[in-house]
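Visitor: How does the following fold in three dimensions:
(one chain, ligands or ions: 1)
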Amino acid sequence: MHIQVWQGDITSLEVDVIVNAANESLLGGGGVDGAIHRAAGPELLEYCRRLGGCPTGEARLTPGFNLLARFIVHTVGPVWQGGQHDEARLLAKCYRNALALAESVDAHSIAFPAISCGVYGYPAEHAAALAVKVLSEPRPTGSAVQSVLLVAYSEAMHQILEQAIATGG
Ligand code: AR6
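Guide: Numbering: from 1, shown residues only. The predicted structure is shown next:
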């Protein structure tokens with residue numbers, strides 16, 4: 001599996017799956033969640049209402065609606081509370097569950113934002129290292145996902161993600 005960093009707005013990407021850093025309500029919010037809902041259109045919110053929320057660490061699949069991406073995987077990252085509240089395990093679960101849902105629809109390409117690194121306050125270096133480590137875990141042979149983009153919105157996050165890839169997480 002090929003992991004690369006890309007800087008920009010995740011909603012502009014033509015990949016099979018983009019991942020949303022949502023909250024447990026799945027009813028939208030600020031940050032990347034707000035951007036995805038705006039770009040996908042109001043049908044996304046309607047669809048999400050029927051999902052009944054999503055616990056932290058889990059993930060839910062929706063169509064991409066007006067996005068170029070075919071699907072959106074909504075996952076809920078942990079709120080950073082100092083690092084002793086299961087944050088790393090929950091963030092790792094987000095990446096694993098998102099990848100598993102992408103596999104379930106035979107996606108070849110997936111793009112992740114820096115889950116929990118905005119409003120939820122997860123330290124970016126730790127989150128980036130964890131993302132690279134989890135996404136580099138061996139996958140079953142014949143797995144569909146071939147290409148993973150780690151999306152940085154800022155230049156600072158771009159550097160942090162490149163560094164995490166260079167050092168293997
Ligand atoms: N494309 C790519 N990355 C983005 C974009 C974008 N368009 N916009 C922001 N980012 P955040 P969280 C980056 O706060 O910390 C929402 O209100 C951003 O710079 O979106 O998981 C939800 O509803 C940061 O690096 O998500 C939840 O309530 C990263 O995406 C809460 O925020 C994640 O920042 C989730 O907080």
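Visitor: What average pLDDT does the helix ranked longest in the chain get?
Guide: Identified as the longest helix of the chain according to DSSP state H is helix 87-104. Predicted confidence along helix 87-104 averages 98 (mean pLDDT).
Visitor: The helix or strand that it is followed by near the ligand at all?
Guide: Next helix or strand after helix 87-104 toward the C-terminus (DSSP states H and E): strand 109-112. No - Strand 109-112 is not in contact with the ligand by CB under 6 Å from any ligand atom; minimum separation 8.6 Å. Backbone N, C-alpha and C define where each C-beta goes, glycine included.
Visitor: Now the element after strand 109-112, going C-ward?
Guide: Toward the C-terminus, strand 109-112 is succeeded by helix 124-135 as the next helix or strand (DSSP H and E).
Visitor: Could I get the buried residue list for that following helix?
Guide: Neighbour-count burial for helix 124-135 flags 124, 126-132, 134-135 (criterion: 16 or more other CB atoms under 10 Å).
Visitor: just stretch 41-53 next, same as before
Guide: Along stretch 41-53, the positions that meet the burial threshold by neighbour count (16+ other CB under 10 Å) are 44, 47-48.
Visitor: So which residues make contact with that stretch?
Guide: 24-28, 36-37, 60, 62-63, 65-66, 72, 74 (CB atoms under 8 Å, 6 or more residues apart in numbering).
Visitor: Try it again at 7 Å.
Guide: Stretch 41-53 is touched from outside by 24-28, 37, 60, 62, 65-66, with contacts defined as CB atoms under 7 Å, 6 or more residues apart in numbering.
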